[in-house]
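A.B. asks: Structure for this input, please:
(chains A, B and C)
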Amino acid sequence: MMKSRHWLVKQEPDSYSWDDFVRDGGTSWDGVRNYQARNNLRAMQAGDPVLFYASGEGREVVGIAEVEKGAYPDPTADDPAWVSVRLKPVRKLARAVTLAEIRAQPALARMPLIRHTRLSVMPITASEFKAVVKRGG
DNA sequence: GCCAACGTTGGC
DNA sequence: GCCAACGTTGGC
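C.D. replies: This is a model prediction of the structure:
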């Protein structure tokens, strides 16, 4: 049985917002320089569902994305060990799901988003993914 | 603006 | 190899 993987990526809307992402029709998720995040990028496969979270101003999950292309060397890095993936937008949530809301839900509060606040690329479970999408409409 | 968490760097 | 100093991220 194939296990589907679900992910959450964080981005400061000041540097790259959901609207930028939609306007571009997808983007290369590069510039990640954290080992744990890199390992997560490496595990991403085309078709994996991804939640798009806006940190800083907002602090909320704003939309659903999908892995378009799995890990390849990050063109912005000197060292080819750093990787990036290509993500494309699927749809915006009807209503953004806030960090406070996620924290208040025992079923969601276990996500690394809450427990490892500085991690920018993280795996989440299928049920966490579903629960957030359900709340987002 | 402040502060906590935590990864990285550099002296020893 | 240890650990203090420092820088960055990100919540509040």
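A.B. asks: can you give me the helices in chain A?
C.D. replies: Taking DSSP state H, the helices of chain A run over residues A:18-24, A:35-43, A:99-104, A:112-115, A:126-136.
A.B. asks: Buried residues, the fourth one. List them.
C.D. replies: Taking 16 or more other C-beta atoms under 10 Å as the basis for neighbour counts, the residues of helix A:112-115 that come out buried are A:112, A:113. The way it works is simple: take the backbone N, C-alpha and C, and place the C-beta from them, glycine included.
A.B. asks: neighbouring contacts of it?
C.D. replies: Helix A:112-115 is contacted from outside by A:8, A:10, A:53, A:99, A:102, A:103, A:108, A:119, A:122, A:123, A:124, using C-beta atoms under 8 Å, 6 or more residues apart in numbering.
A.B. asks: dump the residue contacts of the third one.
C.D. replies: Counting by C-beta under 8 Å, 6+ apart, residue A:53 touches A:8, A:9, A:10, A:11, A:60, A:61, A:62, A:113.
A.B. asks: Give the pairing partners of the longest strand seen in chain A; include direction for each.
C.D. replies: Ranked by residue count and defined by DSSP state E, the top strand of chain A is strand A:83-98. In the sheet, strand A:83-98 lines up against strand A:27-29 (antiparallel), strand A:60-73 (antiparallel) (DSSP bridges).
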